[in-house]
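1. compute the structure for the input listed below.
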Amino acid sequence: MPSNKQSQIHNIALVDHEGAGETTLIEALLAEGHLINRMGHIKDHNTVSDFEPDEKEAEKSLYCSTISFPYGDLHFNFLDVPGTPDLIGEALTALHCVECAMVCIDAKSGVKANTRKMWRVAARQGVPRIIAMTCLDTENTNFWTTLENIRGEFGKHCIPLYIPDAAAPSFSKVRSVLHPSENATPEEQARYEEVVEAIVETDDDLMERYLEGESVTEAELFDTLKHAVARGSLYPVVATAAEAGLGIKELLQMLIQLAPPSDAVKRSARRGDEKVPLGDVNDLLGYVYFTVADEFVARISYVRILSGELKINSEVVNRRSGAVEKVGHLYKVLGKQHEEITSASAGDIVAIPRISDMHAGDVLTSVGSEYSLPDTKFPSPMVSVAVRPKTRKDEQRISAALHELENDDRTFHVHSDSQTGELVVSGMSDTHLELMLKRLNRKYKVEVDVSPPKIPYMETITASTENVEYTHKKQSGGAGQYGKVVINVEPIKRGDGYQFVDKIFGGVIDATYRPSVDKGIQARMKEGILAGYPVTDVRVTLIDGKTHPVDSKDIAFQIAGREAFKKAFLQCKPALLEPIVKMEVTVPQGNMGDVIGDINAKRGRIVSSENLGDNAVVKVLVPLAEIQSFQAQLNSITHGEGSYTVEFDHYDFVPPNLQKKIVEHTNKE
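-> Numbers count the residues shown, from 1 in each chain. Below you'll find the predicted structure:
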């Protein structure tokens, strides 16, 4: 396949709230471009972009699909991004690769939670936006009502360029607002003037001429519109009905004319602490926006080439791992169809197979290059569950399989909790985790049982005791066991853990057995005494004891140490400690009161709050045990608009009434 110039390549991400019709829109665009003979349908499980088995089962997009195809002298790369908020990681990386986002908004339901989220992400990354209003042939839809909803959310700079000739079901074609008919009605003329005014307002010189009554040529108007879209000053809106093929030709033409080409957005590379315009970089720089394990060709990595050239049989450096990888094959991708190519250059989007250690967000460079790209920041997971393989044969492969999924989705985390011994997976929501565990079963044939993660409580003491004695004596014919210890136990500063002080004078306990006492105490601390949780923040002082000349041995003093500590611990007013986490909760300002009320009910303490635009950010300290279902509650309160991060802060005492319940429940288990 011949390589295209950057000015001929259009890289566009399709983003929406699930159900807004972007997959059907892609089918219609491919049919318009004669890439497919007839449109596929989600219900028939035969669309180009939703080809994975779990997508067909769910009848919605669950992966970032790459749709790459020529159109005349141009080349389009569409990235079909999942519309569920649970898979935001794929949207973040996709928007790093494109020069335009096509925001699909269903005329039936208007702007929804994930539409707003995607709009904010695109704005934050400086990606221009074009709006496709979909499903306008559906009953009870109205273009102008939905446009008002869009403007209410995103501002008056959302301007209609192509509008329907009638409301559904009479919608039969679209009309150009900027090219009204010769016998245009006063209403059509007013719409034309409104859009023209919106365009000229983005250019001071042009606006001055327009206000002074000078004529503005169509070429000037179009050139100004093109630059306004690229700057993010205007957001064109086009009416579509993909199933009926209405507005599709006009949408494609608008993308050709207004979507910035791959060399239009000015990006920067990084050389040490220095920012360098990408246009000045000749080395290869590629950004991995999606990876997936394919059952036929192993792992496939999808890459946007930002500068330089990538050729088959060449070597690249993964800046994250430092590994030098050989590129054996390159593909252009149309859904699940792969067309082999020999090279790719700046602006291209390609797939590289069979490189095992490659993650979404990785940066590839030529060997010896000093350049890189800023790291991609992914949101922190909000929900966790503990997983256990259902069968013994899966025990050996569950960790490797989960880490493969972790490589593919940077918002999915896996870790083994050293205290509870559980394998814990974390994601953006319950739905996200359910999806990932289905993938685990489908791709790796590993089934798991899930449960809420155990809270890593700790045990400690709140008082001191002295002269606690324990003698271990065992005689069963032959060599016996004997060890006597006397200890003092006291609490120490939170976080100091454990201190062992040897204050034995003389030889009442041989020096070789004193470490045995310490070892026995630490073993008992790991097991816990009150409710089976590890003990922390205690000082044990060994003050006296006795050794038998024949029967004393290491195991005897370990047992004596264990039992003396248990006896002393129960005399020191034992208490449970619970992990307190620091949360930063971001919610719409209108939901702030309800969220604060919910946090207060969870024994949380508000540290600070501030307003950021339409959102409020609340920083709180709250017990980890209280937030295991917080994501679902926050989602309900904010209608999917809220998010939060969690970070461990410190341990604190469990209230006595709760401690009693926890101890009873744990001992019962």
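2. center of the chain, which residue is that?
-> For the chain, the residue sitting closest to the mean C-alpha position, by C-alpha atoms, centre = their mean, is T411 at 3.2 Å.
3. pull up the per-residue confidence for that residue.
-> Predicted confidence (pLDDT) for T411: 93.
4. tell me which element it falls in.
-> Applying DSSP states H and E as the criterion places T411 outside every helix and strand.
5. all helices for the stretch 401-550 of the chain, in order.
-> Ranges of helices in the stretch 401-550 of the chain, per DSSP state H, counting those that start in this stretch, are 430-444, 514-527.
6. nearest to D598, of those helices?
-> Nearest of the helices of the stretch 401-550 of the chain to D598, taken as C-beta to C-beta: helix 430-444 at 17.5 Å. From N, CA and C alone the C-beta is placed, and that goes for glycine too.
7. what does that closest one rub up against?
-> Under the contact criterion C-beta atoms under 8 Å, 6 or more residues apart in numbering, helix 430-444 has outside partners 53-54, 62, 84, 86-87, 293, 295, 383, 385, 387, 397, 401-402, 404-405, 409, 411-412, 425-427, 446-448, 450, 631-632.
8. ditto for stretch 67-81
-> 4, 8-15, 22-23, 26, 29-30, 33, 35, 48-50, 61, 64-66, 90-91, 94-95, 97-98, 118, 252, 255-256, 289, 332-335, 348-349.
9. go through the residues you listed and flag which are in strands.
-> 9-15, 65-66, 289, 332-334, 349 (DSSP state E).
10. next, the buried residues of stretch 28-43.
-> Buried residues in stretch 28-43, counting neighbours by 16 or more other C-beta atoms under 10 Å, are found at A28, L29, L30, A31, E32, G33, L35, I36, M39, G40, I42.
11. which of those sits closest to N149?
-> Using C-beta to C-beta, those come closest to N149 at A28, 23.2 Å.
12. so what's the closest one up against?
-> Counting by C-beta under 8 Å, 6+ apart, A28 has contacts M39, T240, A242, E243, G245, I248.
13. for stretch 369-377, measure first residue to last.
-> Start and end residues of stretch 369-377 are separated by 23 Å (C-alpha to C-alpha, to the nearest Å).
14. which residues does I606 bridge with?
-> Beta bridges link I606 to V620 when assigned by DSSP bridges.
15. wait, it sits on V617?
-> No - if you go by C-beta atoms under 8 Å, I606 and V617 don't touch, sitting 11.6 Å apart.
16. filter the contacts of stretch 67-81 to the buried ones?
-> If we count by 16+ other C-beta under 10 Å, those have these buried: 4, 8-15, 22-23, 26, 29-30, 33, 35, 48-50, 61, 64-66, 90-91, 94-95, 97-98, 118, 252, 255, 289, 332-335, 348-349.
17. looking at this, E315 is in a strand?
-> Yes - looking at E315 with DSSP: H, G, I helix; E, B strand; the rest coil, it is inside a strand.
18. residues near it, how many?
-> 10 (other C-beta atoms under 10 Å).
19. residues contacting it?
-> V324, E325, K326, V327, V367.
20. one more time with 6 Å
-> Contacts for E315 (C-beta atoms under 6 Å, 6 or more residues apart in numbering) come out as V324, K326, V367.
21. for the first one, which residues count as its bridge partners?
-> Beta-bridge pairing of V324, defined through DSSP bridges, involves V317.
22. where does this protein dip in pLDDT?
-> Within the chain, the stretches falling below the threshold (pLDDT under 70) are 1-4, 294-297, 477-478.
23. and D50, how far is that from F565?
-> 61 Å (C-beta to C-beta, to the nearest Å).
24. do the same with I487
-> 7 Å.
25. buried ones among the contacts of helix 430-444?
-> Buried among these (16+ other C-beta under 10 Å): 54, 62, 84, 86-87, 293, 383, 385, 387, 401-402, 404-405, 409, 411-412, 425-427, 446, 448, 631.
26. quick revisit: turn the helices of the stretch 401-550 of the chain into TSV, columns for distance to C158.
-> TSV is the format used below for the helices of the stretch 401-550 of the chain (distance: least, C-beta to C-beta, whole Å):
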stretch	distance to C158
helix 430-444	30
helix 514-527	61
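27. and the angle from the longest helix belonging to the chain to helix 514-527?
-> Counting residues, the longest helix found in the chain (DSSP state H) is helix 554-571. Calculated by axes from the mean of the first three to the mean of the last three C-alpha atoms, to 10 degrees, helix 554-571 forms an angle of 50 degrees with helix 514-527.
28. domain map for this protein?
-> 6-180+233-258, 268-366, 383-451, 459-572, 578-668 (automatic domain parsing).
29. what's the first-to-last distance across the second one?
-> What it means is domain 268-366. 17 Å.
30. so which of the buried ones among the contacts of helix 430-444 are in strands?
-> Counting by DSSP E, those contribute A293, V383, V385, V387, V425, S426, G427, V448 to strands.
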